[in-house]
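**Q** The sequence isn't on hand, but the structure is:
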């Protein structure tokens with residue numbers, strides 16, 4: 001009998017020791033959980049709070065334990081779901097788990113966002129208790145806000161933005177891409193990027209893919225296919241993206257529609273071609289120069305008249321200032337040029353110039369500004385050779401002076417008369 005009692009006592013002691021060990025292990029586990037674990041009794045008195053409260057809110061457990069659950073409201077910046085802190089009320093006796101998110105103040109005054117979950121531990125009237133876990137979700141919420149902010153930005157950006165994974169399948173497609181391509185995000189996400197590449201550009205796309213994954217940032221003008229199979233030109237910048245471990249996880253492309261720019265450039269090239277064709281055959285001086293006066297183009301008539309060559313232009317040896325005989329004429333020409341560049345009117349003016357051999361050439365010329373689309377970058381010169389006309393005018397003046405002198409000094413009377421009527425002219 002005694003042996004049986006001793007055995008029973010040993011079993012109880014062993015069970016008690018095991019219980020103590022389990023409680024210690026449980027306590028260690030609770031203390032190492034990142035969440036705040038809090039319990040309170042039917043009188044709303046806090047009976048336990050884990051040490052995580054110091055890490056999350058800056059309070060020592062001893063500052064909290066023994067306080068009324070209602071006193072926790074002193075560090076709430078937002079009113080949480082109140083039922084979660086009053087599970088002992090008659091209407092909250094059912095077996096439920098309550099959830100709430102709210103802002104709380106750290107002891108140092110910084111703001112935290114907490115996620116709270118509460119439920120009963122025991123609903124026995126004598127030993128009633130409840131537990132609340134408080135999780136710090138400040139960083140998560142901050143990241144969520146950043147993601148929402150970035151999403152709003154990307155949604156409202158007019159540029160075409162596309163993200164692909166390592167296998168070139170589309171994972172993101174913004175509204176700018178929808179408007180430009182005609183494909184909605186729901187239609188194209190999950191599809192291979194080749195859906196928007198023209199068939200004839202497949203090799204080019206493969207080369208681009210290889211360049212991107214070699215670590216290069218790509219900036220290129222290329223064509224893509226819209227949903228209706230028409231082609232549009234885009235200026236796209238492509239780069240690889242990395243995951244949190246620094247491994248390449250895909251690519252991101254940001255593009256602008258440059259179809260109008262391409263059409264305008266094509267028209268400009270056609271216009272330039274027609275201008276060159278006309279200029280090459282024209283018996284007029286036609287040239288272009290930058291704002292420093294370096295001649296960038298001169299038609300054959302200009303070159304042959306002034307004695308220069310295409311090589312002089314390619315080597316940038318021909319300057320507009322070279323065709324003026326002296327500083328006076330040069331200053332006069334450049335004053336006129338400034339006036340032409342600043343005005344919408346470009347009247348022809350007589351200019352005295354000189355060729356490479358020193359021969360004087362009179363030009364009736366004008367200039368107009370040349371723009372790169374944003375600002376004036378040079379000027380275009382057009383002129384007519386009036387040297388022969390000037391020579392004839394000078395010869396005529398010389399002849400008139402000669403005959404006038406002869407007329408005035410002739411010793412006999414002279415009368416100029418009309419040949420048919422013989423009426424005196426002078």
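**A** Sure, I can see it. Computed from a predicted model, the values in this text were never measured in an experiment.
**Q** Which stretches in the stretch 101-250 of the chain count as helices?
**A** For the stretch 101-250 of the chain, the helices defined by DSSP state H, counting those that start in this stretch cover 138-156, 175-181, 185-188, 202-212.
**Q** Now do the second one, average pLDDT.
**A** The reference is to helix 175-181. Helix 175-181 comes out with an average pLDDT of 89.
**Q** Counting by contacts, list what it packs against.
**A** strand 160-165, helix 185-188 (3 or more C-beta pairs under 8 Å, 6 or more residues apart in numbering; DSSP states H and E). C-beta coordinates here come from the backbone N, C-alpha and C atoms, glycine included.
**Q** Switch the helices of the stretch 101-250 of the chain over to CSV, and while doing so, append mean neighbour count and distance to residue 245 to every line.
**A** Below are the helices of the stretch 101-250 of the chain laid out as CSV (neighbours: other C-beta atoms under 10 Å; distance: least, C-beta to C-beta, whole Å):
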stretch, mean neighbour count, distance to residue 245
helix 138-156, 11, 17
helix 175-181, 19, 28
helix 185-188, 14, 27
helix 202-212, 14, 19
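**Q** And the pLDDT for the closest residue to residue 197 other than its chain neighbours?
**A** The shortest distance from residue 197 to any non-neighbouring residue, by C-beta to C-beta, 6 or more residues apart in numbering, is to residue 205 (4.9 Å). pLDDT for residue 205: 74.
**Q** can I assume residue 205 is in contact with residue 194?
**A** Yes: between residue 205 and residue 194 there is a contact under C-beta atoms under 8 Å: 6.9 Å.
**Q** before we move on, the earlier item: pull up the gap between the residue nearest to residue 197 and residue 199, please.
**A** According to C-beta to C-beta, to the nearest Å, residue 205 stands 10 Å off from residue 199.
**Q** Also residue 226?
**A** Going from residue 226 to residue 199 by C-beta to C-beta gives 14 Å.
**Q** ok, these two, which is more surrounded?
**A** Higher neighbour count among residue 226 and residue 199: residue 226, with 13 against 7, using other C-beta atoms under 10 Å.
**Q** got the contact list for that one?
**A** Each residue near residue 226 by C-beta atoms under 8 Å, 6 or more residues apart in numbering is listed here: 180, 181, 182, 196, 232.
**Q** switch to 6 Å and redo it
**A** 181, 182 (C-beta atoms under 6 Å, 6 or more residues apart in numbering).
**Q** give me phi/psi at it?
**A** Taking degrees, to the nearest 10, you get phi -80, psi 170 for the backbone angles of residue 226.
**Q** Before we move on, what's the pLDDT of it?
**A** Reported pLDDT for residue 226: 92.
**Q** Tabulate the helices of the stretch 101-250 of the chain (CSV), appending distance to residue 39.
**A** Below are these laid out as CSV (distance: least, C-beta to C-beta, whole Å):
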stretch, distance to residue 39
helix 138-156, 24
helix 175-181, 50
helix 185-188, 48
helix 202-212, 56
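**Q** wait, which of those is closest to residue 349?
**A** Closest of those to residue 349 is helix 175-181, at 49.9 Å (criterion: C-beta to C-beta).
**Q** Can you tell me the element residue 404 falls in?
**A** In this assignment (DSSP states H and E), residue 404 forms part of helix 387-409.
**Q** If we go by neighbour counts, what in that helix is buried?
**A** Applying a neighbour-count criterion of 16 or more other C-beta atoms under 10 Å, the buried positions in helix 387-409 are 387, 390.
**Q** same deal with stretch 216-223?
**A** Residues of stretch 216-223 classed as buried by neighbour count (16+ other C-beta under 10 Å): 218, 222, 223.
**Q** Could I get those in CSV, plus columns for pLDDT?
**A** Putting the buried residues of stretch 216-223 into CSV (pLDDT from 0 to 100) gives the following:
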residue, pLDDT
218, 82
222, 87
223, 88
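**Q** Export these as JSON lines, with columns for distance to residue 368.
**A** Shown next, in JSON lines, are the buried residues of stretch 216-223 (distance: C-beta to C-beta, whole Å):
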{"residue": "218", "distance to residue 368": "39"}
{"residue": "222", "distance to residue 368": "35"}
{"residue": "223", "distance to residue 368": "35"}
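**Q** Of those residues, which belong to strands?
**A** Among the buried residues of stretch 216-223, DSSP state E puts 218, 222, 223 in strands.
**Q** ok so, going back, I'd like to know which of the helices and strands packed on helix 175-181 lies nearest to residue 172.
**A** Among these, strand 160-165 comes nearest to residue 172, with 3.7 Å by C-beta to C-beta.
**Q** residues making contact with the closest one?
**A** Contacts for strand 160-165 (C-beta under 6 Å, 6+ apart): 170-174, 176-177, 180, 193, 250-255.
**Q** ok, and the closest non-adjacent residue to residue 243?
**A** Excluding its sequence neighbours, the residue lying closest to residue 243 (C-beta to C-beta, 6+ apart) is residue 249, at 4.4 Å.
**Q** Having no further points to raise, I will conclude here.
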